[in-house]
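# Fold the following, please.
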Amino acid sequence: MLNRIAALMQRLPAGTDAALIQSDVNRRYFTGMLSSAGTVLCFRDCAYFIIDFRYIEKARTVVKNCTVLEQHDLLEQVRHLLEEHQAKTVAVESMTMTLNQFSKLKKSLGSRFRLDYSDTLSRAIYACRTVKSEAELEKIRAAQRIAEIAFMDILNFLRPGISERDVMLRLNQTMMEHGSDGESFPTIALTGTATSMPHGVPSAERLIQEGDFVLMDYGATVEGYHSDMTRTVAVGQPSEKMRQIYETVLCAQKTAIAGAKAGITGRELDKYARDIIEEAGYGEQFGHSTGHGVGLEIHEFPNASPGTAVELEPGNVVTVEPGIYLPGEFGVRIEDFVVIREDGCENLTKAPKELIVLA
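All right, here's what the predicted structure looks like:
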């Protein structure tokens, strides 16, 4: 935590004197504190965390890399600090700051300060966040272990007559019982023809039938860090077509993981999986990207998609989740997530992924 602000300021152009951070996730990343409010004002040689009375006691205990100030008149306090540090150019989070926030800040600061509302600061922040430290990886691993406990539990729960909503609730409850702060995103649990909808919503009315696929996409969180996994299992004997589609997706996923390493682009990682599915004749039925970054948010940079020319770096955490979706029939998705290393990757997902058939 102590070096994150310094690393951020080093990424900003020499003419940028200060950076203003107000978004919840980025504020947490740079201070280590979870709160619904607060402002981080960074300079080249120091930083301030301005927070209101509700959080001031906690902030003085938790935040070690900023001078903690109790908020009274935020915009006036920001202006005073900028003057004190003789700052002229202030970068703001253009990707998260609202027009209303920007308008008020600009009016308060007047013409004396130049606001950099390009994507300079946001891009610098994302560049810092995409490379995970070992401490961050340990939290992600812990979240994934919880998700996998829930997976092994749900295998003993799935049977004909159980609703999608029951499956979702069981996954969520098990994760909470084993230490999750909360689900990474609204848990997806689908069965039968609904599995062809990549992000379908679980229903209390749709029940598992003999011979159905059940698709589960979910994750746990530990200290704000997310896990993300998808497994598709069969309840009763699947058809030969279901088995063939499953094996195609599994081959695509394994091929992409085998090719994941530092230096390849997100486009290249996506292509490893996409080529397998296209060669099998199902390219039109794989309409989403192969993967995305994971960390303090469930969707972060970098992406593994056809349009991503950015090279992967050691320390990136990326999902690998190809799928095939046949409307009106069924769908299959298999998702692990990996840490990119120099000569390959570390798969953070240990749950079995060969086709599981629950008799």
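# what about residue 118, how many neighbours?
12 (other CB atoms under 10 Å). Glycine gets a C-beta too; all of them are placed from N, C-alpha and C.
# So it: helix, strand or coil?
With DSSP: H, G, I helix; E, B strand; the rest coil as the basis, the three-state label of residue 118 is coil.
# give the contact list for residue 181.
Contact criterion CB atoms under 8 Å, 6 or more residues apart in numbering gives 220, 221, 222, 223, 224 as the residues in contact with residue 181.
# again with residue 163
Neighbour list for residue 163: 202, 203, 204, 205, 206, 207, 208 [criterion: CB under 8 Å, 6+ apart].
# and with 6 Å instead?
Residues in contact with residue 163 (CB atoms under 6 Å, 6 or more residues apart in numbering) are 204, 207.
# Just the pLDDT at it, thanks.
At residue 163, the pLDDT value in this model is 98.
# Report the beta-bridge partner residues of it.
Following DSSP bridges, residue 163 is listed with bridge partners residue 207.
# So the residue nearest to residue 333 when sequence neighbours are not counted versus residue 263, what's the distance?
Spatial nearest neighbour of residue 333, chain neighbours left out: residue 323 (3.5 Å); criterion: CB to CB, 6 or more residues apart in numbering. The gap separating residue 323 from residue 263 is 26 Å, by CB to CB, to the nearest Å.
# next one: residue 91
When distance is defined by CB to CB, residue 91 is 30 Å away from residue 263.
# out of the contacts of residue 181, which are inside helices?
Using DSSP state H, the subset of the contacts of residue 181 located in helices is empty.
# any idea which residue sits dead centre in this structure?
The C-alpha lying nearest the average C-alpha coordinate of the chain belongs to residue 298 (CA atoms, centre = their mean; 2.1 Å).
# So that one, which state does it fall into?
Secondary structure assignment for residue 298 (three-state DSSP): coil.
# List the contacts of it.
184, 185, 226.
# Which one of those residues sits in the busiest neighbourhood?
Neighbour counts for the contacts of residue 298 were taken using other CB under 10 Å; the highest belongs to residue 226, which has 27 neighbours.
# quick one: contacts of the one helix or strand residue 6 maps to?
Taking DSSP states H and E as the definition, one finds residue 6 inside helix 4-11. Taking contacts as CB under 6 Å, 6+ apart, the residues outside helix 4-11 that touch it are 30, 42, 44, 47, 65, 124, 128.
# in the stretch 201-350 of the chain, which spans are helices?
Using DSSP state H, counting those that start in this stretch, the helices of the stretch 201-350 of the chain run over 240-259, 266-279.
# Can you pull out the low-pLDDT segments for the stretch 1-150 of the chain?
Counting by pLDDT under 70, the ranges of the stretch 1-150 of the chain that qualify are 1-2.
# hang on, the earlier thing: which one of residue 91 and residue 263 has more residues nearby?
Between residue 91 and residue 263, counting by other CB under 10 Å, residue 91 is the more crowded of the two (28 against 12).
# thought the more buried one was touching residue 19?
Yes. Judged on CB atoms under 6 Å, residue 91 makes contact with residue 19 at a distance of 4.8 Å.
# between those two, what contacts are shared?
Counting by CB under 6 Å, 6+ apart, the common neighbours of residue 91 and residue 19 are residue 121.
# hang on, isn't residue 92 packed against residue 18?
No. Proximity of residue 92 to residue 18 does not meet the contact threshold set by CB under 6 Å, at 9.7 Å.
# show me where the stretch 51-200 of the chain has strands.
67-70, 89-92, 114-116, 188-191 (DSSP state E, counting those that start in this stretch).
# Any idea how far stretch 223-243 is from the middle of the chain?
For stretch 223-243, the distance from its own C-alpha centre to the chain's C-alpha centre is 19 Å (CA atoms, centre = their mean, to the nearest Å).
# Go through it and flag the buried ones.
Taking 16 or more other CB atoms under 10 Å as the neighbour-count basis, stretch 223-243 is seen to contain the buried residues 223-235, 238, 242.
# for the residues you listed, which one is nearest residue 178?
residue 227 (12.1 Å; CB to CB).
# Enumerate every residue touching the closest one.
143, 144, 147, 219, 220.
# which one of those residues has the most neighbours?
With neighbours taken as other CB under 10 Å, the top of those is residue 220, carrying 31 neighbours.
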